[in-house]
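Visitor: for reference, the sequence and a predicted model appear below.
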Amino acid sequence: MVITGWRTALALCAVLAVVACNDSSPQSPSTSAQTATISGTVVSGQSGDPVAGVTVDFQRHHGAMMMGGEWDGFEHMVTDAHGQFHFEYMHESMSHYRVMVHGTTDPQGMCYLDDDDDAPVVLRVP
């Protein structure tokens, strides 16, 4: 009887180990990052009209912002004829993201992205 109980306990442990390796685990890579998008328009700071042909950078910063570090130049694209841009990316929970007019230091030319905000972005150029 002791041997039967031991075998039952061992079988139960094996079942639990298989269940713990299921893809629905919160530590699974498929749930740690999710597809996100950011879209927007680059406009003239003076007229408010859309500006075509502007390079927009999409950047990522890993870890805590207060700890320093650098922004990675993740992707870039040129605005279309209507001044619009669009990026799709895998949003990782421990990363921060921003879009910015290439080479700008003007705060109106960049936008830091919130985790739950997918509203269109407006970037301004002088």
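Guide: All right, it came through fine. Residues are numbered from 1 along each chain as shown.
Visitor: going forward, measure contacts between C-alpha atoms and count neighbours the same way
Guide: OK.
Visitor: and stretch 104-121, which residues are buried?
Guide: Residues of stretch 104-121 classed as buried by neighbour count (16 or more other C-alpha atoms under 10 Å): 109-111, 121.
Visitor: how about residue 58: what's its closest non-neighbour residue?
Guide: When the adjacent residues along the chain are set aside, residue 58 lies closest to residue 99, with 4.6 Å between them (C-alpha to C-alpha, 6 or more residues apart in numbering).
Visitor: given the one helix or strand the one you found maps to, what are its sheet partners and their directions?
Guide: Taking DSSP states H and E as the definition, one finds residue 99 inside strand 95-101. In the sheet, strand 95-101 lines up against strand 55-62 (antiparallel), strand 110-113 (antiparallel) (DSSP bridges).
Visitor: and the helix or strand that the last one is followed by, which strands flank it?
Guide: Okay, so that is strand 110-113. Beyond strand 110-113 on the C-terminal side, the first helix or strand identified by DSSP H and E is strand 121-125. Each strand that strand 121-125 pairs with, and the sense of that pairing, follows from DSSP bridges: strand 33-44 (parallel).
Visitor: and the strand it pairs with, what's buried?
Guide: The neighbour-count check on strand 33-44 (16+ other C-alpha under 10 Å) flags 38, 40-43 as buried.
Visitor: save the residues you listed as JSON lines, and put in pLDDT and distance to residue 77 too.
Guide: Formatted as JSON lines, the buried residues of strand 33-44 follow (pLDDT from 0 to 100; distance: C-alpha to C-alpha, whole Å):
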{"residue": "38", "pLDDT": "90", "distance to residue 77": "12"}
{"residue": "40", "pLDDT": "95", "distance to residue 77": "12"}
{"residue": "41", "pLDDT": "97", "distance to residue 77": "12"}
{"residue": "42", "pLDDT": "97", "distance to residue 77": "12"}
{"residue": "43", "pLDDT": "97", "distance to residue 77": "15"}
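Visitor: in the strand holding residue 99, what's buried?
Guide: Across strand 95-101, burial judged by 16+ other C-alpha under 10 Å covers 96-101.
Visitor: tell me the one among these nearest to residue 83.
Guide: Nearest to residue 83, judged by C-alpha to C-alpha, of these is residue 101 at 11.6 Å.
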